[in-house]
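Participant: I would like the atomic coordinates for the input below:
(2 chains)
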2 protein chains.
Amino acid sequence: MQRATNTRISKRNGTSFLHVEEPFRFFKGGVIPRLDIAFETWGELDAERSNASLVMTGLSPNAHAASSEDNPEDGWWEPMMGPGKPIDTRHNFVVCVNSLGSCKGSTGPASINPETSKEYRLSFPDLTIQDIAAAGKLVLDALGIEQLRCLIGPSMGGMSGLALMQQQPDIARHFLAISTAARAEPFAIAIRSLQREMIVRDPRWQDGGYTDDDWPETGMRLARKLGMISYRSGTEWRERFGRQAQKRYNERLFGMHFAIESYLENAARKFIRNFDPCSYLYLSQAMDLYDFAEGYPDLTAAFAPLKLKSAKIIGVDTDVLWPPHQQREICRGLTAHGVDCDPQLLPSVQGHDAFLVDYDRFCPAVAEYFEQIS
Amino acid sequence: MQRATNTRISKRNGTSFLHVEEPFRFFKGGVIPRLDIAFETWGELDAERSNASLVMTGLSPNAHAASSEDNPEDGWWEPMMGPGKPIDTRHNFVVCVNSLGSCKGSTGPASINPETSKEYRLSFPDLTIQDIAAAGKLVLDALGIEQLRCLIGPSMGGMSGLALMQQQPDIARHFLAISTAARAEPFAIAIRSLQREMIVRDPRWQDGGYTDDDWPETGMRLARKLGMISYRSGTEWRERFGRQAQKRYNERLFGMHFAIESYLENAARKFIRNFDPCSYLYLSQAMDLYDFAEGYPDLTAAFAPLKLKSAKIIGVDTDVLWPPHQQREICRGLTAHGVDCDPQLLPSVQGHDAFLVDYDRFCPAVAEYFEQIS
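Facilitator: Alright, predicted model coming up:
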């Protein structure tokens, strides 16, 4: 486990930055001379430093999970965190960390390499979920938090949480995993691999040499649309869009007859210039490569070292990317080592994205667990 | 219903061609001066012309569904059709038609426009499933078949079959629909729309101006990979590939770590140059636009005119593209109008492609129906 001694924290518009002025070594080799990790906090750390929780995020979110005095804009998990909300910041000190490798404040392929004064891009070391976990841990160290009340991991964040517990088995007393998995399976790999291929085969990718004026928009557009297809469900779309037509038909594109096509296009447009293509590739690949069972005879055995008091594993029936059987698999591993749990599988039609949109189902489930562990 | 008077039939390497030397009018407008329809036949038409069945195909197959004396090469449905097989050509005269719009012998966007001596490409009229049905009917007319024993439609072919029955309600006594649907739903539309966008956004598409030396390989590669993702299932891939690694990692592509990625790449390579991109766009769009309920108050009502004696609707549990509830929907419509049927949902893990690969399940189901109706 890496420790850092030469660190300082700055703050800007509600986001804090841990500046680590010493080399960071990557799990698979490679090193960068320094790094920044963006994070936000809500609530107050109690005197015993025992009421802290850490949110590790999915692929695309930044650290602004919820509004705060310094940044009143809604966060990406606004209904879930705040005073009186399921993760109640009146009693909990909550930290949300932007993943290492992202482009939302933390160091990643889109950051300037201080040794060359140019963006890292493909010279950024190979990134793993283990590196994301280790970088998150540096923030906890800097805040003086030795043990978390709850480690919270939705989607990729659940993998990062599992990796963090593997690195330091007593890091958390409780674990809340949401629509996540202990390792990537071939269906999810196929989707993500194809998304990456869409980006790198865009001529404007230019082997990572794209510029603001010459940006792989097509690759990012296609990748985001495939993302949306994998994040939602046919059931939701049947109810929501059906065969609703529209007047935006674009003959050149052989498409845009139907409302569903506009929906995907709008989702893509919001994303194209708002996420760095190279960051996307690194984070996406890190998910495929992650396997919690690595180094163990099987997945269940890999849960043996963990020192949790409890865990709650929530999944969604219609999630094809992080499907229910992968929630069950985590529960089996935990239960085999004394942390009894059954997955709570919510009957949402919104697939993997349900934790970001189906708050009617997710808020009560999370609130119940936080009441239990607080 | 279009009739053609100026027709002749030629034959080459086991494939017959109906040459229609008069204009063909398209359902949504547009006309071409002449057309060819490729087809194959197996078995003998009986004296009463009462033992004929017609296979209408999915998007990509040609008319060579099974081997024959003239062409002993295996067909795309080899285990299903032939002497002693489920569709037994000792007692049945079977016709398989290559869809209008395809590039496998029938006239389509890749064919030469006799008026310009150039390929039609985007000047080909808008294609609908209704046009594919009408062109298939011209072959039956030319063969002197007034009524089919069985109309057989897997995948897109089921839509073509429904359209044909809408055009001529007594065209078939029996209907065998396999993994099909009466109309496109938004999930399938999303997948196909994205596939089309992958092709038209490939710079080599050149608004339909691609050449053999400058071919939209990337678009076709991506579209085929997404196709495979939608045709199979995560369950199959988990059992078949798991996280099996390989040594073909391609750093430039951020991929090819895993066996599943090679599988997709191999499937794509077989397809890229073997299907015309423009044909693909036309056929894909025709599926999205098709709605059997069009012109009726609801889908069930649209089944009223049909004059079937029986029907069998087979689907697959894991098919996400033509899902089980769409098989049920067809059965509800048929049952409401006196053709009692329940869908037979096969527990295959091979998704939409099961009818092309899971013969252990599909052959007995088809054989049983053919025994019943013969």
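Participant: so where's chain A shaky on pLDDT?
Facilitator: Where chain A drops to pLDDT under 70, the residues are A:1.
Participant: Pick out the residue nearest the middle of it.
Facilitator: In chain A, the centroid-proximal residue (CA atoms, centre = their mean) is residue A:58; its distance is 1.5 Å.
Participant: nearest spatial neighbour of it, skipping sequence neighbours?
Facilitator: Among residues not flanking residue A:58 along the chain, residue A:155 sits closest, at 3.5 Å (CB to CB, 6 or more residues apart in numbering or on different chains). C-betas here are computed from N, CA, C, even on glycine.
Participant: Roughly how far does that neighbour sit from residue B:32?
Facilitator: For residue A:155, the distance to residue B:32 equals 51 Å [CB to CB, to the nearest Å].
Participant: Next: residue A:211.
Facilitator: For residue A:211, the distance to residue B:32 (CB to CB) stands at 46 Å.
Participant: and the two? which has more neighbours close in?
Facilitator: Legend: neighbour count by other CB atoms under 10 Å in any protein chain shown for residue A:211 and residue B:32, higher for residue B:32 (20 against 8).
Participant: which residues sit in contact with that one?
Facilitator: By CB atoms under 8 Å, 6 or more residues apart in numbering or on different chains, the contact set of residue B:32 is B:23, B:24, B:26, B:107, B:113, B:120, B:124, B:125.
Participant: Was I right to think the fourth one contacts residue B:37?
Facilitator: Spelled out, it's residue B:107. Yes: counting by CB atoms under 8 Å, residue B:37 is a contact partner of residue B:107 at 7.3 Å.
Participant: Spit out the residues that contact the two alike.
Facilitator: With CB under 8 Å, 6+ apart as the test, residue B:107 and residue B:37 both reach residue B:100.
Participant: Show me which of these two is the more surrounded one.
Facilitator: Higher neighbour count among residue B:107 and residue B:37: residue B:37, with 28 against 25, using other CB under 10 Å.
Participant: partners of the residue nearest to the more buried one when sequence neighbours are not counted in the sheet?
Facilitator: Spatially, and ignoring its direct neighbours in sequence, residue B:37 is nearest to residue B:18 (4.5 Å; CB to CB, 6+ apart). For residue B:18, the beta-bridge partners under DSSP bridges are residue B:9, residue B:37.
Participant: Correct me if wrong: residue B:18 contacts residue B:136.
Facilitator: No: counting by CB under 8 Å, residue B:18 sits too far from residue B:136 to count as a contact (10.0 Å).
Participant: overlap in contacts of those two?
Facilitator: Contact criterion CB under 8 Å, 6+ apart; residues shared by residue B:18 and residue B:136: residue B:37.
Participant: the more surrounded of those two?
Facilitator: Between residue B:18 and residue B:136, counted using other CB under 10 Å, residue B:136 has the larger neighbour count: 30 against 23.
Participant: Helix, strand, or coil at the more buried one?
Facilitator: Three-state assignment for residue B:136 (DSSP: H, G, I helix; E, B strand; the rest coil): helix.
Participant: That one and chain A: what is the separation?
Facilitator: Distance of residue B:136 to chain A, given as CB to the nearest CB, to the nearest Å: 23 Å.
Participant: and the nearest residue to that residue once chain neighbours are set aside, what does it touch?
Facilitator: Of all residues not flanking residue B:136 in the chain, residue B:97 sits nearest, at 4.6 Å (CB to CB, 6+ apart). Counting by CB under 8 Å, 6+ apart, residue B:97 makes contact with B:37, B:38, B:39, B:54, B:55, B:56, B:57, B:63, B:106, B:135, B:136, B:139.
Participant: Pull out the buried residues from stretch A:287-298.
Facilitator: Residues of stretch A:287-298 classed as buried: A:287, A:288, A:289, A:290, A:291, A:292, A:293, A:296 (neighbour count, 16 or more other CB atoms under 10 Å in any protein chain shown).
Participant: What is the nearest of the residues you listed to residue A:149?
Facilitator: Nearest to residue A:149 among those: residue A:292, at 22.2 Å, using CB to CB.
Participant: Show me the helices in the stretch 1-150 of chain A, by range?
Facilitator: Listed in chain order, the helices of the stretch 1-150 of chain A (DSSP state H, counting those that start in this stretch) span A:129-142.
Participant: Pull the number of nearby residues for the closest residue to chain B within it.
Facilitator: The minimum distance from the stretch 1-150 of chain A to chain B, using CB to the nearest CB, falls at residue A:122 (8.5 Å). Neighbours of residue A:122 under the rule other CB under 10 Å: 15.
Participant: for it, what are its contacts?
Facilitator: If you count contacts by CB under 8 Å, 6+ apart, residue A:122 has them with A:109, A:207, A:208, A:278.
Participant: can we see that at 6 Å?
Facilitator: Residues near residue A:122 by CB atoms under 6 Å, 6 or more residues apart in numbering or on different chains: residue A:208.
Participant: How about the residues of chain A by chain B?
Facilitator: Contact residues, chain A versus chain B (CB under 6 Å from any CB of the partner chain): A:185-187, A:189-190, A:193-194, A:196, A:198, A:200-201, A:218, A:222, A:225, A:229, A:234, A:237-238, A:241, A:253-255, A:258, A:260-261, A:281, A:285.
Participant: wait, doesn't residue A:249 sit right on residue A:255?
Facilitator: No: if you go by CB atoms under 6 Å, residue A:249 and residue A:255 don't touch, sitting 7.8 Å apart.
Participant: For the two, indicate the residue with more neighbours.
Facilitator: The residue with more neighbours, out of residue A:249 and residue A:255, is residue A:255; 26 against 13, by other CB under 10 Å.
Participant: Could you find the closest non-adjacent residue to that one?
Facilitator: Counting by CB to CB, 6+ apart, residue A:255 lies nearest to residue B:193, which is 4.5 Å off, once chain neighbours are set aside.
Participant: Tell me the secondary structure at that neighbour.
Facilitator: Three-state call for residue B:193 (three-state DSSP): helix.
Participant: shouldn't residue A:341 be in contact with residue A:331?
Facilitator: Yes: between residue A:341 and residue A:331 a contact is recorded at 4.8 Å, counting by CB under 6 Å.
Participant: joint contacts of the two?
Facilitator: residue A:313.
Participant: What residue, apart from its backbone neighbours, is nearest residue A:81 spatially?
Facilitator: Of all residues not flanking residue A:81 in the chain, residue A:66 sits nearest, at 4.0 Å (CB to CB, 6+ apart).
Participant: hang on, the earlier thing: which one among the contacts of residue B:97 gets closest to residue B:12?
Facilitator: Distance to residue B:12 across these (CB to CB) is lowest for residue B:38, with 9.4 Å.
Participant: quick one: contacts for that closest one?
Facilitator: Residue B:38 sits next to B:15, B:17, B:63, B:98, B:105, B:106 when contact means CB under 6 Å, 6+ apart.
Participant: Then residue A:157?
Facilitator: A:56, A:57, A:58.
Participant: go with 7 Å
Facilitator: Neighbouring residues of residue A:157 by CB atoms under 7 Å, 6 or more residues apart in numbering or on different chains: A:55, A:56, A:57, A:58, A:180.
Participant: wait, the first one sits on residue A:99?
Facilitator: No: under the contact definition of CB atoms under 7 Å, residue A:55 does not touch residue A:99, with a separation of 11.0 Å.
Participant: And the two? Which one has more around it.
Facilitator: Ranked by neighbour count (other CB under 10 Å), residue A:55 and residue A:99 place residue A:99 first, with 33 against 28.
Participant: re earlier: so what's the residue nearest to residue B:136 bridging to?
Facilitator: With DSSP bridges as the rule, residue B:97 is bridged to residue B:39, residue B:56.
Participant: Please determine how far it is located from chain A.
Facilitator: Between residue B:97 and chain A the distance, using CB to the nearest CB, works out to 24 Å.
Participant: Residue A:181: what secondary structure?
Facilitator: Put simply, residue A:181 is coil when judged by three-state DSSP.
Participant: The residue lying closest to it once chain neighbours are set aside sits in which helix or strand?
Facilitator: Among residues not flanking residue A:181 along the chain, residue A:326 sits closest, at 4.0 Å (CB to CB, 6+ apart). Using DSSP states H and E, residue A:326 sits in helix A:324-336.
Participant: No further queries at this time; thank you.
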